[in-house]
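Colleague: Give me coordinates for this.
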Amino acid sequence: MKIKNKIVSVLMATCLVFSSFGFSRSFADSSKVVTIGVNNTAEQRQTILNYFGVKENEVEIVTVNNQEERAYLGKVATEEQLGRKTYSCAYVEPTTEGSGINVKTANITWVTSSMVATTLSTAGLTGANCVIAAVFPVSGTGICI
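Modeller: Predicted coordinates for the structure are as follows:
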């Protein structure tokens, strides 16, 4: 599978595993993937991309909405965690196979680094840098795609 597809699959798996991720794409093409909550303003979106250190034309961007959060996490996350709007974002960059999974979070209150790392590992990823972030504190359930 291509790297990009595996990343998308892994992010989707996180949604399913801990109410956050689970991808259907692969990593062979070494693509970087960013998920962005649909309710971020243009300024917030740019702030997140800057935080991730990427330009919009350098990554595959997937927009996530609250209906998707509810579909994947509705039985795991509380109503408060799901909220009504989606602001959390994720960045996954494949690294050398076997180099480990590094996860960093910023302004994420429910989804943990361990949840993300475990999900990515379960999906077969053995080398990646991942950042889960928002411009203000949120649960992190919006990282599903």
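Colleague: The residue lying farthest from the centre of the chain sits in which helix or strand?
Modeller: Here the centre of the chain is the reference, and by CA atoms, centre = their mean the most remote residue is residue 98, at 20.4 Å. In this assignment (DSSP states H and E), residue 98 forms part of neither any helix nor any strand.
Colleague: Please list all residues in contact with it.
Modeller: Listed by CB atoms under 8 Å, 6 or more residues apart in numbering, the contact set of residue 98 reads 126, 127. Heads up, the C-betas are built off the backbone N, CA and C, glycines and all.
Colleague: Residue 32 versus that one, what's the distance?
Modeller: Residue 98 sits at a distance of 19 Å from residue 32 (criterion: CB to CB, to the nearest Å).
Colleague: what are the ranges of the strands in the chain?
Modeller: Counting by DSSP state E, the chain forms strands over residues 21-23, 26-27, 33-37, 60-64, 89-94, 100-108, 127-138, given from the N-terminal end onward.
Colleague: export those to TSV and tack on mean pLDDT, mean neighbour count and distance to residue 79?
Modeller: Rendered in TSV, the data for the strands of the chain read as follows (pLDDT from 0 to 100; neighbours: other CB atoms under 10 Å; distance: least, CB to CB, whole Å):
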stretch	mean pLDDT	mean neighbour count	distance to residue 79
strand 21-23	38	27	20
strand 26-27	38	24	34
strand 33-37	93	25	17
strand 60-64	91	18	18
strand 89-94	92	28	22
strand 100-108	96	17	18
strand 127-138	95	20	14
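Colleague: Quick one: closest of those to residue 117.
Modeller: Closest to residue 117 of the strands of the chain is strand 100-108 (CB to CB; 4.7 Å).
Colleague: Could the C-alpha coordinates of that closest one be exported in PDB?
Modeller: Below are the C-alpha coordinates for strand 100-108, written out as PDB (Å, rounded to 0.1, in the frame of the first residue of the first chain):
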ATOM      1  CA  GLY A 100       9.400   4.300  16.000                       C
ATOM      2  CA  ILE A 101       6.300   6.300  16.300                       C
ATOM      3  CA  ASN A 102       6.700   9.700  17.800                       C
ATOM      4  CA  VAL A 103       3.500  11.500  18.900                       C
ATOM      5  CA  LYS A 104       3.100  15.000  20.200                       C
ATOM      6  CA  THR A 105      -0.100  16.700  21.300                       C
ATOM      7  CA  ALA A 106      -1.000  20.400  21.800                       C
ATOM      8  CA  ASN A 107      -4.300  21.600  23.300                       C
ATOM      9  CA  ILE A 108      -5.800  18.100  23.200                       C
END
